[in-house]
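> Any chance you could fold what I've pasted below:
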Amino acid sequence: MSDAYDRVAIITGADSGIGKATAVALAEQGFDVGITYHSDRAGAEETAGLVRGLGRAPAVRRHDLTDPERAAAVVDELAEELGGVGVLVNNAGTGTAEPLLETSYERWRSVLAVDLDGAFLCAQRAARRMVASGRGGRIVNVTSVHEEYPRVGAGPYCAAKGGLRLFSRVLALELAEYGITVNTVAPGEIATPMTGQEDVPPQPGSRPGYPISRPGDAREVAAVIAFLAGTAASYVTGATVYVDGGLGLMGPQAAGALGSGDWRTG
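Residues are numbered from 1 along each chain as shown. All right, here's what the predicted structure looks like:
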């Protein structure tokens, strides 16, 4: 595996939460950072300011993955502006909170477009550039514990994240000869705007059903992404790293501890 890849990272959905924390972590490692956002321009500019404050160059683009083919062109735009791409972090995502029998096809397709189609097309654009450069690279796809474990009310999200895991593994096989690694990071509950927690510090003891009894912090996920994006992870590819406080270990134990059928409503 080559460690000579461009010190340019493109991170989708970097206006808040995990994406923002990852932008900072990679800037600290010496990467210039391409930042995409869907609607929060101010958040993206704040991330850019943090990158700039660390002495690295940021670039910002709007990125609407409900139209994934058009959105994927942003990868090329950012690579041109920053002078290459050595790391892609597919972080942008969306979800659902309704039973599958009530999910419209339009809603189903919208979630898969953002969470799976967009990741495929952005990875394809970045990987083509990495292959052409001959210097290798890193692709990290942010999935979820729901790449493995189902959740009531989140059918499209679970389908997309499970698909993203296997897509990543096939891509890892196909790109290894070019010195490009592909891995997934699977967070559990993280205190970010996506989980309705607005990046508040996780409260210890607030999740008694989790082995580590709190939500995670975005910076804890970013640290794992930054490791996989770095030179030290050159022999790691096709892997999933769970950052979930042990949540995935609790299946049989949690099921046996339930005293009601309220879980059926999500």
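
> can you list contacts of the helix ranked longest in the chain?
Among the segments of the chain that qualify as a helix by DSSP state H, the longest is helix 155-175. Residues from elsewhere that reach helix 155-175, judged by Cβ atoms under 8 Å, 6 or more residues apart in numbering: 90, 93-96, 99-100, 103, 107-108, 111-112, 114-116, 119-120, 123, 127, 130-131, 139, 141, 143-144, 146-148, 150-151, 181-184, 186, 237-238, 240. Every residue, glycine included, has its C-beta placed from N, CA and C.

> how about a cut-off of 6 Å?
Residues from elsewhere that reach helix 155-175 (Cβ atoms under 6 Å, 6 or more residues apart in numbering): 95-96, 100, 108, 111-112, 115-116, 119, 127, 141, 143-144, 146-147, 150, 182, 184, 237-238.

> for the nearest residue to G84 once chain neighbours are set aside, what are its contacts?
Spatial nearest neighbour of G84, chain neighbours left out: D6 (3.4 Å); criterion: Cβ to Cβ, 6 or more residues apart in numbering. Neighbour list for D6: G84, V85, G86 [criterion: Cβ under 6 Å, 6+ apart].

> okay but the first one is in contact with I10, surely?
Looking back up the chat, that one is G84. No: using Cβ atoms under 6 Å, G84 is not in contact with I10; the gap is 10.1 Å.

> Of these two, give the one with the bigger neighbour count.
I10 (33 against 17; other Cβ atoms under 10 Å).

> From V182, how far off is that one?
15 Å (Cβ to Cβ, to the nearest Å).

> try A191
Counting by Cβ to Cβ, the gap from A191 to V182 is 27 Å.

> what's the answer for G84, then?
18 Å.

> now L173
From L173 to V182 the distance is 9 Å (Cβ to Cβ).

> Same check on D67?
24 Å.

> So which residues of the stretch 1-150 of the chain form helices?
Using DSSP state H, counting those that start in this stretch, the helices of the stretch 1-150 of the chain run over residues 17-28, 41-53, 68-82, 105-112, 118-133.

> rewinding a little: between A191 and V182, point out the one with more neighbours.
Comparing A191 with V182 by other Cβ under 10 Å, the one with more neighbours is V182, at 27 against 22.

> Shouldn't that one be within a helix?
No: applying DSSP: H, G, I helix; E, B strand; the rest coil, one finds V182 to be strand, outside a helix.

> didn't it look like it was pressed against V140?
No: applying Cβ under 6 Å as the test, V182 and V140 come out as separate, 7.9 Å apart.

> which one of the helices of the stretch 1-150 of the chain has the most crowded surroundings?
Counting by mean count of other Cβ atoms under 10 Å, helix 17-28 has the highest mean neighbour count of these, with a mean of 26.

> which stretches of the stretch 151-266 of the chain form helices?
Along the stretch 151-266 of the chain, counting by DSSP H, counting those that start in this stretch, helices occupy 155-175, 218-229, 251-257.
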